[in-house]
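Colleague: Below are the sequence and a predicted model; questions follow.
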Amino acid sequence: MPTSLPARSPVGRRALLRGAAAVGAAGLLTACGRAAGASFDAGAAPWRRYAGTTLNFISENTAPTAAIAANLVPFTELTGIHVNIVTLELSALAQKVALDLASGNGEYDVVYADPYQVLAPYAAAFADLREFQENPDLPRLPGGFGDFVATHLDAAGRFEDEEKVLALPYDSATMIWQYRADLFAKYHDRMAADLGFDPTPSDGTTWEQYYAIARWFNEHTDEVKYGTGHQAKQHDSLMCDFSNVLWAYGGDYFDDGARVGSLGATAPGRCRLGSERAVAAAEFYQRLLKIADPGSRTWDWDGLGAAFRAGRIAMCPNFHEYAASNEAVMPGKVGYARLPKGPARAAGMYGGTGIAISGVAPKRRREAAWLFANWATAPKTQLAGLASKVGGGTPTRTSVYAERAVLRAEHRPTKLPNMLTAKALRETWRPANIGLRPKIPMWGECDTAVYTQLSGLLAGDASPRATMRAAAERIDRITARGWVA
């Protein structure tokens, strides 16, 4: 798999880790030929109407794009369209897209539209995909918009408007609990006796119990140095790691946080990080990090994943797509569960992204781009990506998860290790559990304010209350133009 891919925002990639699948796509597709829209008719006029066109797709260096880039022949044979794929680190991609949309050149027909750095700031410049889905001269999405995981379609595909669809869910990185199942089994009875509760990770486990388990490993085992590790570097990863606890404790970034995270908002109102619930979350997080592996403050998601695989820690919250590399290094030794719950709920950070079509491109190119976006997110293509040896993301379509071969892959032995996380993902993707950071045009700057203040908290430079107050004040200055009295 492409080890040169740089990591990025929550979504940043673990990419290199996702696709350690050991089987070829052909065998899986044979087994899963019943998937909705699993076959494309290469002779059908709607697919051939733009033969000879060349499209430009700009994407972050992600596993789904790596898989598609390695297997574009089926699309070209189906449509006669050639696709140039440009892959960049996310911040560079966002700059390129901003310049392209502002200039009106429409150089990039298909865009990897990160919800926070691309979709929210430039939503008005993307095409409403309903115009293509409802066009009788173009092929419809197999399964329609309704086949995408509902929470993904809102978070990755919409902005403010409940009806418009600006992007198709393309990848689905999500934070879950990853733990050394072999050690939990070995020490189960001792831990249960000492702690007074069943330590087996479950939907009923609380963050306080997680803390107690981590401390127990610190004090009673030699196999690992620390019970828990975190992605607490002064970086976007720190915001992701803390946010799981913030939401679990009932805190949020803005009022009506569920809507601001799901559909997004141009004017989110005043920041609520100064609330008592947010302060309680910061107090717990500070306490948790004090017993975590000290390396946590130098790790993003990639560093944390490497530490877990190296045997330094017994458990961690991390993006689910590390399952492939976990299984490659520690086959059969890792378990996966939804993150613990707090006083308010359980929450796991969602880091998925969609692909959008440039609204400044000419109509002919927009319609040709629809053919690619349709194909790239189709069940058959997602199945191929899931089994790709060079990458491949976790499906965003419900029909793919219902396939018999995919369901079998949720249990060992499996050739699709990311599917071992499916149960944890299904729970996390429920509307009550999904963790959605604010989808606002100015989130990039707000994100920096959050992780900068949290880094000071972990360094001992400020109290939890002062940290949350300072972050809220900074965010209010950033979003002040959007306040509603």
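Modeller: Ah, there it is.
Colleague: Show me the helices in the stretch 251-400 of the chain, by range?
Modeller: 257-262, 276-291, 301-309, 323-329, 363-376, 379-386, 398-401 (DSSP state H, counting those that start in this stretch).
Colleague: so which of those gets nearest Tyr210?
Modeller: Nearest to Tyr210, of all the helices of the stretch 251-400 of the chain, is helix 276-291, at 7.8 Å by Cβ to Cβ. All C-beta spots, glycine's among them, are computed from the backbone N, C-alpha and C.
Colleague: Let's test this: mean pLDDT of the closest one, rounded?
Modeller: If you average the pLDDT over helix 276-291, you get 98.
Colleague: For it, what is the distance to the chain centroid?
Modeller: 24 Å (Cα atoms, centre = their mean, to the nearest Å).
Colleague: Which residues does that helix contact?
Modeller: 207-208, 210-211, 214-215, 218, 226-228, 230, 232, 242, 245-246, 248-252, 272, 296-297, 342-344, 454, 457-458, 464-465, 467-468 (Cβ atoms under 8 Å, 6 or more residues apart in numbering).
Colleague: Need the buried ones from those residues selected in PyMOL.
Modeller: The buried residues among those can be selected in PyMOL (16 or more other Cβ atoms under 10 Å) with this line:
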select buried, resi 207+210+211+214+215+218+226+227+228+230+232+242+245+246+248+249+250+251+252+272+296+297+342+344+454+457+458+464+467+468
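Colleague: So which of the contacts of helix 276-291 belong to helices?
Modeller: Of the contacts of helix 276-291, the ones assigned to helices by DSSP state H are 207-208, 210-211, 214-215, 218, 242, 245-246, 248, 454, 457-458, 464-465, 467-468.
Colleague: Give the residue spans of the stretch 151-300 of the chain that score low on pLDDT.
Modeller: Filtered on pLDDT under 70, the stretch 151-300 of the chain yields no residues whatsoever.
Colleague: low-confidence ranges in the stretch 301-450 of the chain?
Modeller: Looking at the stretch 301-450 of the chain by pLDDT under 70, you get 391-392.
Colleague: Would you tell me which of the helices of the stretch 251-400 of the chain gets closest to Ile81?
Modeller: Here helix 363-376 is closest among these (Cβ to Cβ), at 5.8 Å.
Colleague: tell me the contacts of Val245?
Modeller: 207, 281, 284-285, 288, 342.
Colleague: let's see 10 Å
Modeller: Neighbour list for Val245: 207, 210, 251, 278, 280-285, 288, 317, 339-340, 342, 347 [criterion: Cβ atoms under 10 Å, 6 or more residues apart in numbering].
Colleague: Those residues: which two are farthest apart?
Modeller: By the measure Cβ to Cβ, Tyr210 and Ala278 form the most distant pair in the contacts of Val245, at 19.2 Å.
Colleague: For the closest residue in space to Arg130 that isn't next to it in sequence, which three-state class applies?
Modeller: Ranked by Cβ to Cβ, 6 or more residues apart in numbering and with sequence neighbours excluded, the top spatial neighbour of Arg130 is Val165, at 5.8 Å. Per DSSP: H, G, I helix; E, B strand; the rest coil, the secondary structure class of Val165 is coil.
Colleague: okay, now Val165: neighbour count?
Modeller: 23 (other Cβ atoms under 10 Å).
Colleague: Now do it against Leu141, distance only.
Modeller: 10 Å (Cβ to Cβ, to the nearest Å).
Colleague: likewise Ala167?
Modeller: Remark: distance between Ala167 and Leu141 (Cβ to Cβ) = 13 Å.
Colleague: Next: Gln234.
Modeller: 41 Å.
Colleague: Those two: which has the busier surroundings?
Modeller: Leu141 (23 against 18).
Colleague: who touches the closest residue to Ser358 other than its chain neighbours in this structure?
Modeller: Leaving aside its chain neighbours, Ser358 sits nearest to Gly106 (5.2 Å; criterion: Cβ to Cβ, 6+ apart). By Cβ under 10 Å, 6+ apart, the contact set of Gly106 is 56, 100, 125, 358-362, 365-366.
Colleague: got the CA positions of stretch 95-105 in PDB?
Modeller: In PDB, the C-alpha atoms belonging to stretch 95-105 read as follows (Å, rounded to 0.1, in the frame of the first residue of the first chain):
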ATOM      1  CA  GLN A  95      -5.900  26.100  -1.300                       C
ATOM      2  CA  LYS A  96      -6.000  24.700  -4.800                       C
ATOM      3  CA  VAL A  97      -9.700  24.300  -4.800                       C
ATOM      4  CA  ALA A  98     -10.300  27.800  -3.300                       C
ATOM      5  CA  LEU A  99      -8.200  29.400  -6.100                       C
ATOM      6  CA  ASP A 100      -9.900  27.300  -8.800                       C
ATOM      7  CA  LEU A 101     -13.400  28.100  -7.600                       C
ATOM      8  CA  ALA A 102     -12.700  31.800  -7.100                       C
ATOM      9  CA  SER A 103     -11.100  32.200 -10.500                       C
ATOM     10  CA  GLY A 104     -14.100  30.500 -12.200                       C
ATOM     11  CA  ASN A 105     -11.700  28.300 -14.200                       C
END
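Colleague: What are the contacting residues of it?
Modeller: So stretch 95-105 is in contact with 56, 58, 86, 88, 106-108, 111-114, 117-118, 121-122, 124-126, 356, 358-361, going by Cβ under 10 Å, 6+ apart.
Colleague: Surely Tyr322 is in contact with Trp301?
Modeller: Yes - using Cβ atoms under 10 Å, Tyr322 is in contact with Trp301, at 7.7 Å.
Colleague: out of these two, which sits in the busier spot?
Modeller: Legend: neighbour count by other Cβ under 10 Å for Tyr322 and Trp301, higher for Trp301 (32 against 28).
Colleague: Is it correct that that one is in contact with Gln178?
Modeller: No - between Trp301 and Gln178 there is no contact under Cβ under 10 Å: 11.2 Å.
Colleague: Give the residues shared as contacts by the two.
Modeller: 316-319, 322.
Colleague: From those, which land in strands?
Modeller: Residues of those located in strands (DSSP state E): 316-319.
Colleague: can these go into JSON lines with extra columns for neighbour count and distance to Leu371?
Modeller: Shown next, in JSON lines, are these (neighbours: other Cβ atoms under 10 Å; distance: Cβ to Cβ, whole Å):
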{"residue": "Cys316", "neighbour count": "30", "distance to Leu371": "41"}
{"residue": "Pro317", "neighbour count": "23", "distance to Leu371": "39"}
{"residue": "Asn318", "neighbour count": "29", "distance to Leu371": "36"}
{"residue": "Phe319", "neighbour count": "31", "distance to Leu371": "31"}
